[in-house]
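Visitor: Fold the following and give me the result.
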Amino acid sequence: MRPGDLGIHTDPSPATLGQPGIVIFDDVPAGIGFSQKLYEIHDELMRRALELVQDCECQDGCPSCVGPGGENGAGGKAETLEILKQLQTG
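Guide: Numbering: from 1, shown residues only. Purely as a prediction, here's the structure:
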């Protein structure tokens, strides 16, 4: 996989029924299957992302667990954990 193989769209769109969401798509003509595979392993990805953030020893988020902080003040660990918990399907 190379940078640019996947595209990400985060604005509300018809694909998210006008609601906030993240749409990940193959950004290569005719696609190469990465977005389909991500769809197939969605539950595992969400579970492992939750584990990664929960297991990180930082207090409020760091580049290793939630990415660069500072855009909204605090690091965002609590917010990230809540979002990931809401995304759990089973």
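
Visitor: Residue 78 against residue 60, yeah?
Guide: Yes - taking contacts as CB atoms under 8 Å, residue 78 lies within contact range of residue 60: 7.5 Å. The way it works is simple: take the backbone N, C-alpha and C, and place the C-beta from them, glycine included.

Visitor: residue ranges for the strands of this protein, please.
Guide: For the chain, the strands defined by DSSP state E cover 6-9, 23-26.

Visitor: hey, least reliable of those strands by pLDDT?
Guide: If these are sorted by mean pLDDT, strand 6-9 sits at the bottom with a mean of 66.

Visitor: Report the beta-bridge partner residues of the nearest residue to residue 33 once chain neighbours are set aside.
Guide: Closest residue to residue 33 apart from its sequence neighbours, by CB to CB, 6 or more residues apart in numbering: residue 26 at 7.1 Å. Beta-bridge pairing for residue 26 (DSSP bridges): residue 6.

Visitor: Would you agree residue 26 is in contact with residue 37?
Guide: No - with contact defined as CB under 8 Å, residue 26 and residue 37 do not form a contacting pair (10.1 Å).

Visitor: Tell me where the protein is predicted with low confidence.
Guide: 1-10, 69-73, 89-90 (pLDDT under 70).

Visitor: what residues does the longest helix seen in the chain touch?
Guide: Determined from DSSP state H, the single longest helix within the chain is helix 42-55. Residues outside helix 42-55 that contact it (CB atoms under 8 Å, 6 or more residues apart in numbering): 38, 65-66, 77, 80-81, 84-85, 87-90.
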